[in-house]
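Enquirer: I need the structure of the sequence given here:
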Amino acid sequence: MTDTIIFDLGGVLIDWNPRHLYNKILKGEDEITWFLENVCTPEWNEQQDAGRSFEEATEELVVKFPQYEHAIRAWYGRWQETIGGPIDDTVRILRALKDSKKHRLYALTNWSAETFPWAMERFEFLHWFEGIVVSGVEKTRKPFPEFYHILLNRYRVVPERAIFIDDNLKNIEAARILKIDGIHFQGAKSLNTELLRRGIETKLS
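Expert: Prediction:
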């Protein structure tokens, strides 16, 4: 019987996408795509999610790509512009789960410790969780098993009685190895369907 539901944040409850910012800075989709695949890459960003400082990360890239110094510094200098806002339909599901009081609610997020305080101030629904485990604070991240174990141990969560929701399939697969039921997030509608399949009513259907 499920007693705990764990949410990822970026891409599930919060619309984080660096294209929101670089549409204002770079010249067209081709350049934006090249920049995000070769300069400010997901792998580079993951190091900050795991605790590396913005300053160190930025200076490393400025040396490698001086022609993109302005755009590189914007990644963190204008970081708030990478956030599109809440993903409202998923927030409605979270609210329904909170109101039902049938499940413990937690969040497990790959997020820099330097920017997460802003998110806590900006999004009231983050305070609906009983606990949030942030990769940048813990110095490790998904999909590494030790990151999941921090949440499981800290809040005494039984893996077999938990559901984990994430938009990254690698993170879902890692959770399943730990015997946590994983739902690959592909939109609020499909999430609602998957929860109903597990007998969890969200009042949205």
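Enquirer: Show me which residues of the lowest-mean-pLDDT helix or strand in the chain are buried.
Expert: One helix or strand of the chain scores below all others by mean pLDDT, DSSP states H and E: helix 42-49, with a mean of 92. By neighbour count on 16 or more other Cβ atoms under 10 Å, the buried set for helix 42-49 is 44-45, 48-49. (Each C-beta comes from the backbone N, C-alpha and C, glycine too.)
Enquirer: helices or strands up against it?
Expert: helix 54-64, helix 135-138 (3 or more Cβ pairs under 8 Å, 6 or more residues apart in numbering; DSSP states H and E).
Enquirer: check contacts around the nearest residue to Asn23 once chain neighbours are set aside.
Expert: In space, and not counting its chain neighbours, Asn23 is closest to Ile32: 6.9 Å by Cβ to Cβ, 6 or more residues apart in numbering. Ile32 makes contact with 19, 22-23, 26 under the criterion Cβ atoms under 8 Å, 6 or more residues apart in numbering.
Enquirer: mind listing what's buried in the helix or strand hosting Ile32?
Expert: Per DSSP states H and E, Ile32 falls inside helix 29-38. For helix 29-38, a neighbour-count test (16+ other Cβ under 10 Å) marks 32, 35-36 as buried.
Enquirer: One more: stretch 9-17?
Expert: Residues 9-10, 12-16 are the ones in stretch 9-17 that count as buried (16+ other Cβ under 10 Å).
Enquirer: So which of these are in strands?
Expert: Of those, the ones assigned to strands by DSSP state E are 14-16.
Enquirer: Return the closest of those with respect to Ala119.
Expert: Nearest to Ala119 among these, counting by Cβ to Cβ, is Ile14 at 6.9 Å.
Enquirer: need the contact list for the closest one.
Expert: 83, 85-87, 119, 123 are the contacts of Ile14 under Cβ under 8 Å, 6+ apart.
Enquirer: Quick check: it vs Ala174, distance?
Expert: Distance, Ile14 to Ala174, using Cβ to Cβ, to the nearest Å: 21 Å.
Enquirer: now swap in Thr82 and tell me
Expert: Between Thr82 and Ala174 the distance, using Cβ to Cβ, works out to 25 Å.
Enquirer: List only buried entries from the contacts of Ile32.
Expert: In the contacts of Ile32, burial by neighbour count holds for 22, 26, counting by 16+ other Cβ under 10 Å.
Enquirer: Looks to me like Phe164 is in a strand.
Expert: Yes. Secondary structure of Phe164 (DSSP: H, G, I helix; E, B strand; the rest coil): part of a strand.
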